[in-house]
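*Asks:* sequence and computational prediction follow.
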Amino acid sequence: MGQSFQQRGQPMFILAEDTERTRGEDAQSSNISAGKAVSNAVRTTLGPRGMDKMLVSDSGDVVITNDGATILEEMDIEHPAAQMIVEVAETQEEEVGDGTTTASVLAGELLSRAEDLLDDDVHPTAIVEGYNRAVELALEAVEEQVLDDELDDDLLEKVAETSMTGKGTGDVNAAPLAETIVAAVRQVRAEEGVDRDSIQVRTQVGASSSATELVSGVISEEEPVHENMPRGVEDATIAVLDVDLEVREGEIDAEYNITDIDQLNAALDAEESELRGYAETVAEAGIDVAFVTGDVDDRVASYLASEGALAFDGVDDDEATAIARATGASQIGTVNDLDEDDFGFAETVRVEKFGEDELAFVEGGAEAEAVTVFVRGGTEHVADELERALNDAIDVVTVALDRGGVVPGAGATEIAIADHIRSEAASVTGRKQLAVEAFADAVDLLPRTLAANAGMDPIDALVELRSTFQDEGRAGIIAENQTGEVVDPTEQGVLDPAAVKREAVESATEAATMIVRIDDVIASN
Ligand code: ADP
Ligand code: MG
């Protein structure tokens, strides 16, 4: 039934027949429940003792992960309000690369607290204003927590390790991985900061993850198009070609009206000479190595091999862009007039075999610094989760350097945030004050969850955290030998970038307040 308005006694329908409408408290509570449900789903994965989730898609693909953003992305969530929590995780991932579980758990708890306030007749507007005031206070507290220590390699490695704990690194010692990551970021860092695209992570199944190396260049997954090609080229002139090197479509499809054998031979010769022409053009232009995004005909491949060139086809766009960027090549759309200015250079291009697969290493590119963190994982699932963990680690090191330093992790910054908000709440007038206090209670859920996941009683832990914070100014939950302990996380090297905390508070609040303001859901079916 559509919605009707009474007008001069006649109902007036403004919405389509099959529109569904939920209003007022019903709309609010259904949205809030959906948002809470999503955040509860990721809660058990928070922190180093968090569990993993196994996600199975319709088609039977399996992903095993502890990464909040990945879980929510794979869950295929439909409810619009729940979808907003998924967006919190996505924003967090895009902006700072870590803290996705933190942000979604906080968003869910802010909703839950808002529901209680609504039940107590606090108006949505007061909730929104109170939450926004609390965000300002939270950001002050984060600033206050930023460590004065110099951001040297040692400290950055701790930040990298903190972001990897509990991830697919398993029992592997994360220290060498963290070292590699900090070296990678340092190597590409320019005055303007780190260009994130210049650091790639490439995983290869087949060895243990301790076999990690930093490659000063780009790795391509493609294999040479012909087995007789050189497997290593030094001082290589490189072309990145966005073309197909095969007989042009039109000619294959054209119908030859062949009446005698000479004509057939002529047609085949024409085809051969076109294919040979490609290889000659490439070799004459002085190209040693060609990365082709399109297809290369087997015969062209064989001609190229006999010209001594090395070529790869089906190179994916990201790889082509990275190779072009590193070597100073332009991506060329035709082989008709090749210009030296469009070529790039690298010190070496070499092909290496890893089990069944071959990989091409393009090192010492002439133009831009580019590095690849090359990791091995025992199985594909391990390699995938490791790749996510390493990407997070690269992100946290980058944002720690470029966006305002580091704060103590393990819940310590959250304890400081809640404390600061509570101490300032008294100065907030009216019912808003209740919302400010509720915000502090919501933030407490993060250390409480870390404690619970570490097997501690969350209430006892919170009490101890607060008193240690009062006495010593810093208190977090460190999980040692199956039990959690309240200590100063900086002494254990558990550090998060300040930007991750700022972003989590801001994006969680944005989503929660948006959902709280909704009192009318009109869905067309
Ligand atoms: P997120 O997606 O929010 O990053 P994580 O599962 O990575 O979720 O957990 C992050 C939290 O775990 C942060 O608060 C971080 O400080 C904390 N943490 C990381 N390593 C440790 C550790 N060794 N001991 C205690 N807490 C840790
Ligand atoms: Mg994390």
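*Replies:* Structure's in. What do you need? Keep in mind that this is a model prediction, so the values were computed, not measured. Numbers count the residues shown, from 1 in each chain. Ligands and ions are numbered 1, 2, ... in the order given.

*Asks:* give me the neighbour count for whichever residue of the stretch 201-350 of the chain sits closest to ligand 2.
*Replies:* For the stretch 201-350 of the chain, the residue closest to ligand 2 is Val201, as judged by Cβ to the ion, at 15.8 Å. C-beta coordinates here come from the backbone N, C-alpha and C atoms, glycine included. Close neighbours of Val201, defined as other Cβ atoms under 10 Å, add up to 19.

*Asks:* please name the strands paired to the helix or strand hosting it in the sheet, noting orientation.
*Replies:* Assigned by DSSP states H and E, Val201 belongs to strand 199-205. Sheet pairing of strand 199-205 (DSSP bridges) gives strand 371-377 (parallel).

*Asks:* and the strands in the stretch 401-525 of the chain, which stretches?
*Replies:* Along the stretch 401-525 of the chain, the stretches classed as strands by DSSP state E, counting those that start in this stretch are 406-408, 476-480, 483-487, 495-497, 520-523.

*Asks:* need those strands in TSV (columns: mean neighbour count, distance to Ala508 and mean pLDDT).
*Replies:* Formatted as TSV, the strands of the stretch 401-525 of the chain follow (neighbours: other Cβ atoms under 10 Å; distance: least, Cβ to Cβ, whole Å; pLDDT from 0 to 100):
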stretch	mean neighbour count	distance to Ala508	mean pLDDT
strand 406-408	28	17	96
strand 476-480	23	20	85
strand 483-487	20	24	85
strand 495-497	29	15	96
strand 520-523	12	22	64
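
*Asks:* let me know which of these is the nearest to Ala425.
*Replies:* Closest approach to Ala425 among the strands of the stretch 401-525 of the chain (Cβ to Cβ): strand 406-408, 21.8 Å.

*Asks:* which SS class is the residue nearest to Gly328 when sequence neighbours are not counted?
*Replies:* Nearest residue to Gly328, sequence neighbours excluded (Cβ to Cβ, 6 or more residues apart in numbering): Glu367, at 3.1 Å. With DSSP: H, G, I helix; E, B strand; the rest coil as the basis, Glu367 sits in coil.

*Asks:* kindly report the same for Leu214.
*Replies:* Leu214 - assigned by three-state DSSP - is strand.

*Asks:* residues touching the residue nearest to Gly328, list them.
*Replies:* The neighbourhood of Glu367, defined by Cβ atoms under 8 Å, 6 or more residues apart in numbering, consists of Arg325, Ala326, Thr327, Gly328, Gly344.

*Asks:* where along the stretch 201-350 of the chain do the strands fall?
*Replies:* Using DSSP E, counting those that start in this stretch, the strands found in the stretch 201-350 of the chain span residues 213-215, 217-220, 232-241, 289-292, 310-312, 331-332, 344-354.

*Asks:* on that earlier part again, separation between the residue nearest to Gly328 and Leu310?
*Replies:* 20 Å (Cβ to Cβ, to the nearest Å).

*Asks:* format the strands of the stretch 401-525 of the chain as TSV; extra columns: distance to Thr237.
*Replies:* TSV is the format used below for those (distance: least, Cβ to Cβ, whole Å):
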stretch	distance to Thr237
strand 406-408	44
strand 476-480	54
strand 483-487	57
strand 495-497	41
strand 520-523	59
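
*Asks:* so how far is Ala324 from the nearest residue to Ile238 once chain neighbours are set aside?
*Replies:* Counting by Cβ to Cβ, 6+ apart, Ile238 lies nearest to Gly344, which is 4.4 Å off, once chain neighbours are set aside. According to Cβ to Cβ, Gly344 and Ala324 sit 6 Å apart.

*Asks:* do Glu272 as well
*Replies:* 31 Å.

*Asks:* those two: which has the busier surroundings?
*Replies:* Using other Cβ under 10 Å as the criterion, Glu272 and Ala324 rank with Ala324 on top: 24 against 13.

*Asks:* contacting residues around the residue nearest to that one when sequence neighbours are not counted?
*Replies:* Closest residue to Ala324 apart from its sequence neighbours, by Cβ to Cβ, 6+ apart: Val240 at 4.6 Å. By Cβ under 8 Å, 6+ apart, the contact set of Val240 is 290-291, 293, 315, 320, 323-324, 327, 329-332, 344.

*Asks:* output the residues you listed in TSV, with pLDDT and distance to ligand 2 appended to each entry.
*Replies:* Formatted as TSV, those follow (pLDDT from 0 to 100; distance: Cβ to the ion, whole Å):
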residue	pLDDT	distance to ligand 2
Ala290	93	41
Phe291	95	35
Thr293	93	35
Val315	92	32
Ala320	91	31
Ile323	92	31
Ala324	91	33
Thr327	92	34
Ala329	91	36
Ser330	90	38
Gln331	90	36
Ile332	90	41
Gly344	92	36
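
*Asks:* of the residues you listed, grab the buried ones for ChimeraX.
*Replies:* Buried subset of the contacts of Val240, written as a ChimeraX selection, criterion 16 or more other Cβ atoms under 10 Å:
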select :290,291,293,315,320,323,324,327,329,331,332,344
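
*Asks:* which one of the strands of the stretch 401-525 of the chain lies closest to Asp460?
*Replies:* The closest of these to Asp460 is strand 483-487. By Cβ to Cβ, the value is 9.7 Å.

*Asks:* roughly how far out does the closest one sit from the chain middle?
*Replies:* Relative to its parent chain, strand 483-487 has a centroid offset of 30 Å by Cα atoms, centre = their mean, to the nearest Å.

*Asks:* can you start the count at 492 instead of 1 from here on
*Replies:* Understood, numbering begins at 492; the last thing we discussed is strand 974-978.

*Asks:* who's in contact with that strand?
*Replies:* Under Cβ under 8 Å, 6+ apart, the answer for strand 974-978 is 540, 941-942, 945-947, 952, 955-956, 959, 966-970.

*Asks:* that one close to ligand 1?
*Replies:* No. Applying Cβ under 6 Å from any ligand atom, one finds strand 974-978 separated from ligand 1 by no less than 8.1 Å.

*Asks:* equivalent analysis for stretch 881-890, please.
*Replies:* No. Judged by Cβ under 6 Å from any ligand atom, stretch 881-890 stays clear of ligand 1, getting no closer than 7.3 Å.

*Asks:* if we can go back for a sec, which residues does the residue of the stretch 692-841 of the chain closest to ligand 2 bridge with?
*Replies:* According to DSSP bridges, beta-bridge pairing links Val692 with Val864.

*Asks:* hmm, it is touching Ala880, no?
*Replies:* No. Here Val692 does not reach Ala880: they are 9.4 Å apart, not a contact under Cβ atoms under 8 Å.

*Asks:* how is this structure divided into domains?
*Replies:* Domain assignment for the chain by automatic domain parsing gives 512-638+899-1015, 708-858.

*Asks:* mean neighbour count, the ones you listed: which tops it?
*Replies:* domain 512-638+899-1015 (a mean of 20; mean count of other Cβ atoms under 10 Å).

*Asks:* does ligand 2 sit close to it?
*Replies:* Yes. Residues of domain 512-638+899-1015 contacting ligand 2 under Cβ under 5 Å from the ion: Asp589.

*Asks:* related to what we said a few turns ago, just so I know, which of the strands of the stretch 892-1016 of the chain lies nearest Thr592?
*Replies:* Nearest of those (Cβ to Cβ): strand 986-988, 12.3 Å.

*Asks:* now do that closest one: which elements does it pack against?
*Replies:* In terms of contacts (3 or more Cβ pairs under 8 Å, 6 or more residues apart in numbering; DSSP states H and E), strand 986-988 is packed against helix 644-655, helix 871-893, strand 897-899.

*Asks:* of these, which shows the lowest average pLDDT?
*Replies:* Across the helices and strands packed on strand 986-988, helix 871-893 has the smallest mean pLDDT, namely a mean of 88.

*Asks:* can you state the direction angle for it and strand 862-868?
*Replies:* Relative orientation of helix 871-893 versus strand 862-868 (axes from the mean of the first three to the mean of the last three Cα atoms, to 10 degrees): 150 degrees.

*Asks:* relative to ligand 2, which residue of the protein is the closest?
*Replies:* For the chain, Cβ to the ion, closest residue to ligand 2: Asp589, 4.4 Å.
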